[in-house]
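> My questions are about this predicted structure, shown below with the sequence.
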Amino acid sequence: MGAMKTSIKVLSCTFALLLALWPAARADDDWRSLHDDVRAGRLVSLGSVLDWLEQHYVGNVIEVELDRDDGKVYYEIEMVGPQGQVVEFEFDAATGELVGIEGVNINGMKR
């Protein structure tokens with residue numbers, strides 16, 4: 001009976017570990033897929049989007065997310081501006097076009 005309890009505990013711990021790691025593994029797959037899409041020319045590179053942001057806005061990038069919605073891929077980039085404002089920029093990853101901005105005092109970040 002003791003060996004069976006130990007096996008169940010090991011399986012439970014293994015399952016819990018796999019559940020904990022699954023989102024990270026999925027995110028890693030998303031970034032690999034992104035890299036392949038950029039190399040194939042289906043998406044613009046994150047670097048080119050960040051370069052555009054640096055040319056047009058003052059601030060520091062604090063977070064970058066890849067979002068897939070209805071078959072489209074978006075880069076969501078949060079920046080903190082010189083007055084401490086946080087602004088989120090959303091770019092169509094296929095075209096590199098800025099499609100949305102949310103935040104406070106966005107004009108205070110424009111170059």
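On my side now, so go ahead.

> Show me the strands in the chain, by range?
For the chain, applying DSSP state E gives strands covering 60-69, 72-80, 86-92, 98-103.

> Indicate which one of those strands is closest to Gly41.
Checking the strands of the chain against Gly41 by Cβ to Cβ gives strand 72-80 as the closest, at 13.5 Å. In short, each C-beta sits where N, CA and C put it, glycine included.

> If you count neighbours, what's buried in that closest one?
Residues 73-80 are the ones in strand 72-80 that count as buried (16 or more other Cβ atoms under 10 Å).

> Identify the residue spatially nearest to the residue nearest in space to the middle of the chain, adjacent ones excluded.
In the chain, the C-alpha nearest the mean C-alpha coordinate belongs to Glu65, at 1.6 Å (Cα atoms, centre = their mean). Spatial nearest neighbour of Glu65, excluding adjacent residues (Cβ to Cβ, 6 or more residues apart in numbering): Glu76 at 4.4 Å.
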